[in-house]
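>>> Pasting the sequence and the predicted model now:
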Amino acid sequence: MLGPKGSNKCLVNGGNMLNITKDGVTVCKEVPFSQPTASVITNAGKNIYEQLGDGVTSFVIQTTDVFMESFKMYQDGAPIIKIVEGLQLAIRDVIQYIKDLTVPLDDILLRNIALSILKSKIKEPDHLLNIIMSSIKAVEIDKKMVEIVKMDGGDLNESKFIDGLVLDHSGRHLDMPKSLENVCILTTNISMEYEQPEISSAFTFSSIKERIEMAITENDYIAKRANKIAEIAKELKEEGKSLLVVSERGIDMNSLSILADAGVLALRRAKRSNMDRITKMCGGSIVTTYEGINREMLGYCNKVSVIEMDEEKCTFIEGVPFKTSCTILIRGSIDFKRIQVLMKGIITSLRQVIKDKICIRGGKTLYLNLITKLQSKLETIEDPSKILGYKILISVYENFIKTFLRNEGAVIYKEMAKLKVNGEDERIFENVRVVENVLSNSVYNAISLLMCDEMVVTGKQLKID
């Protein structure tokens, strides 16, 4: 799974559904690890993904390797406390050296970082790379404001970036317009349909006439809301503007007809997250009461269009005044969840890189430099008990490079010799924060496991063969 040429894993769940992936966080989330040590490591890996969006596979491999190398030294007679002290000294030097290797960030390096992450997950990353770079430049640094929407049909290469918002539904009335320009937007959570009360109740009628009168009153009450919106739409139409209504609640057919007659495009049962995105990028506020329906609550955009693709209809909101949100539209018959996890992870990682404004030369070159630094430091240490941690990390980083080479199908001993003499040809740059967290957390998680003298589950000793 490690690197661009790492293998895929085929996960089979309880319903015999297949999930083919090479994403470390997907394996950590979907495989139910019952072994306590494995559970600790995978939980830490998931936390790294949530915070940084990348580095899960590297973290799991290095944590396991640090633990195994330390345990070998323990079996050879080294005290655990001396191993831990050595690891703490060594990782302190590693993190300090990482800071010395950082370089200022520019657009080319930012693109290189995104490409290196994509290449480790999919075979043809160029098209998605352009989409990700557009989304990063289009909005403020907030991953929650990037909506990822799937539309069936087509090919992954037909996926595109939308500088606005795409809603995965459209108007529910045939007479509603399919395209609007110079658009005012009303976002509301007012219901325009009859709803069952939340408490248990019942109406008792003494005659059919009373029942009919009750129904008429209910319909008039609901239609009153739609009529007020229709009046605003007619006023806007006289000014050369049109109206889009986005409701979090339902809209009945009578209300839809009233709105359609006024030339309003109305969308019902929108997600709350999309409602928030609309208000942030178009302005306006969410209307929560009938009295609050007025023009001061409206947002604005240049264009709204309903587009049908392979029997699916989506509403595109474009030309927004505030660049606070955007949409990535994914096409093709693919595992959307896998692509969604990938895109969110990359956006999270790039968001951190932009915030830090620095990056680091990564790949095999980074670990070769770390090995060289640790070896030179090792020669200056006189206390034999302090060299244990340095030896462990040197071995771990050498094994990590060998894992890269093994996945590439290279002859390991030949390539290791070439790397030590000539270095790595490909220039790969990575997120400094991800590198620091992977290196340090792998050591400290291994230390936590080493310091356990025994594992106890619900009061019973865990028997390990």
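Thanks, I have the structure now. Residues are numbered from 1 along each chain as shown.
>>> And the helices in the chain, which stretches?
24-30, 36-52, 56-75, 80-101, 107-119, 126-138, 208-238, 253-261, 272-282, 336-356, 363-378, 388-407, 412-422, 432-450 (DSSP state H).
>>> starting at the chain centroid, how far to the second one?
This means helix 36-52. Centroid displacement of helix 36-52 relative to its chain, using Cα atoms, centre = their mean, to the nearest Å, is 16 Å.
>>> Where does pLDDT dip in the stretch 201-350 of the chain?
201-205, 214 (pLDDT under 70).
>>> what's around the closest residue to residue 224 other than its chain neighbours, how many residues?
Among residues not flanking residue 224 along the chain, residue 290 sits closest, at 7.5 Å (Cβ to Cβ, 6 or more residues apart in numbering). Every C-beta, even on glycine, is put in place using the N, C-alpha and C of the backbone. Residue neighbour count, defined by other Cβ atoms under 10 Å, stands at 12 for residue 290.
>>> Same check on the one 5 residues further on?
Residue 295 has 11 neighbouring residues, counting by other Cβ under 10 Å.
>>> Next up, the contacts around the nearest residue to residue 97 once chain neighbours are set aside.
Using Cβ to Cβ, 6+ apart and skipping the chain neighbours, the partner closest in space to residue 97 is residue 373 (5.0 Å). Residue 373 makes contact with 93-94, 97, according to Cβ atoms under 8 Å, 6 or more residues apart in numbering.
>>> ok, of these, which come out buried?
93-94 (16 or more other Cβ atoms under 10 Å).
>>> Make CSV out of the contacts of residue 373 and add distance to residue 183 and pLDDT.
Converted to CSV, the contacts of residue 373 look like this (distance: Cβ to Cβ, whole Å; pLDDT from 0 to 100):
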residue, distance to residue 183, pLDDT
93, 59, 92
94, 55, 93
97, 55, 92
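>>> So which of the contacts of residue 373 is the closest to residue 188?
residue 94 (54.9 Å; Cβ to Cβ).
>>> Let me know how buried the nearest residue to residue 78 once chain neighbours are set aside is, in neighbour terms.
Once flanking residues are discounted, residue 78 sits nearest to residue 388: 5.8 Å by Cβ to Cβ, 6+ apart. As a burial measure, residue 388 scores 23 neighbours (other Cβ under 10 Å).
>>> now swap in residue 363 and tell me
Considering only other Cβ under 10 Å, residue 363 is surrounded by 17 other residues.
>>> any idea how far the closest residue to it other than its chain neighbours lies from residue 422?
Leaving aside its chain neighbours, residue 363 sits nearest to residue 428 (3.7 Å; criterion: Cβ to Cβ, 6+ apart). Using Cβ to Cβ, to the nearest Å, we find residue 428 at a distance of 16 Å from residue 422.
>>> Pick out whichever of those two has more residues nearby.
residue 428 (19 against 8).
>>> these two touch, right, that one and residue 361?
Yes: counting by Cβ atoms under 8 Å, residue 361 is a contact partner of residue 428 at 7.1 Å.
>>> For residue 216, see how far away residue 209 is.
11 Å.
>>> Same question for residue 278.
34 Å.
>>> Tell me how many other residues crowd the closest residue in space to residue 33 that isn't next to it in sequence.
Of all residues not flanking residue 33 in the chain, residue 39 sits nearest, at 4.9 Å (Cβ to Cβ, 6+ apart). Counted with other Cβ under 10 Å, residues neighbouring residue 39 total 13.
>>> With residue 104 instead?
Neighbour tally, residue 104, other Cβ under 10 Å: 8.
>>> repeat for residue 337
12.
>>> sorry, back to before: contacting residues around the residue nearest to residue 363?
So residue 428 contacts 112, 116, 361-363, 365 (Cβ under 8 Å, 6+ apart).
>>> wait, what's in contact with residue 178?
Going by Cβ under 8 Å, 6+ apart, the list of residues near residue 178 reads 265, 305-306.
>>> Need the contacts of residue 428 in a markdown table (columns: distance to residue 147 and pLDDT).
Converted to a markdown table, these look like this (distance: Cβ to Cβ, whole Å; pLDDT from 0 to 100):
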| residue | distance to residue 147 | pLDDT |
| --- | --- | --- |
| 112 | 26 | 89 |
| 116 | 25 | 86 |
| 361 | 34 | 89 |
| 362 | 30 | 86 |
| 363 | 32 | 84 |
| 365 | 37 | 86 |
